[in-house]
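Asks: What would the 3D arrangement of this be:
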Amino acid sequence: MCELRNVIERCAVLSAGDRLQLHLPAVSRPVLESAFADTPSMDEIQRRYIMHVLDLSRGSLGGPGGAAEILGMKRATLQARMRKLGIEK
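Replies: Residues are numbered from 1 along each chain as shown. I've put the predicted structure just below:
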């Protein structure tokens with residue numbers, strides 16, 4: 001809120017006449033790095049995605065909102081995939 005107030009005050013000070021002129025600098029957006037920039041293997045892509053889903057489910061594998069449900073697979077299948085990929089809960 002303080003930043004907005006500073007912008008408005010600056011606009012009022014720098015404007016001439018009865019109209020405010022607001023000149024905002026162009027905002028450069030951060031360049032997002034591709035998830036595949038390091039050319040990961042299929043196993044690594046699966047590992048990263050399962051880890052992401054585990055974060056979303058707060059570590060819960062089964063039940064409503066669990067990682068297995070989000071991934072659309074059975075809990076036992078997810079556990080087997082995690083063992084294969086070296087993911088420990």
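Asks: Just give me the residue right at the centre of the protein.
Replies: The residue lying closest to the centre of the chain (CA atoms, centre = their mean) is H52, at 10.0 Å.
Asks: so that residue is in which element?
Replies: helix 42-56 (DSSP states H and E).
Asks: packing partners for that helix?
Replies: Contact here means 3 or more CB pairs under 8 Å, 6 or more residues apart in numbering; DSSP states H and E; on that basis helix 42-56 packs against helix 67-71, helix 75-85. Just so you know, the C-beta spots here come from the backbone N, C-alpha and C atoms, and that holds for glycine as well.
Asks: Residues contacting the last one, please?
Replies: Contacts of helix 75-85 from elsewhere in the structure, counted by CB atoms under 8 Å, 6 or more residues apart in numbering, are 43, 46-47, 50, 61-62, 66-68, 71, 73, 88-89.
Asks: do that again at 6 Å, thanks
Replies: Residues from elsewhere that reach helix 75-85 (CB atoms under 6 Å, 6 or more residues apart in numbering): D43, R47, L61, G62, A68.
Asks: Test for you: state the pLDDT assigned to the second one.
Replies: This points to R47. R47 carries a pLDDT value of 95.
Asks: so how many other residues sit close to the closest residue to it other than its chain neighbours?
Replies: What sits nearest to R47 in space, not counting adjacent residues and going by CB to CB, 6 or more residues apart in numbering, is L85, at 4.6 Å. Using other CB atoms under 10 Å, L85 has 14 neighbouring residues.
Asks: Where does pLDDT dip in this protein?
Replies: Applying pLDDT under 70 to the chain flags the ranges 1-2, 24, 31.
Asks: Might you report the residue contacts of the residue nearest to the centre of the chain?
Replies: Applying CB under 6 Å, 6+ apart, one finds that H52 lies in contact with no residue.
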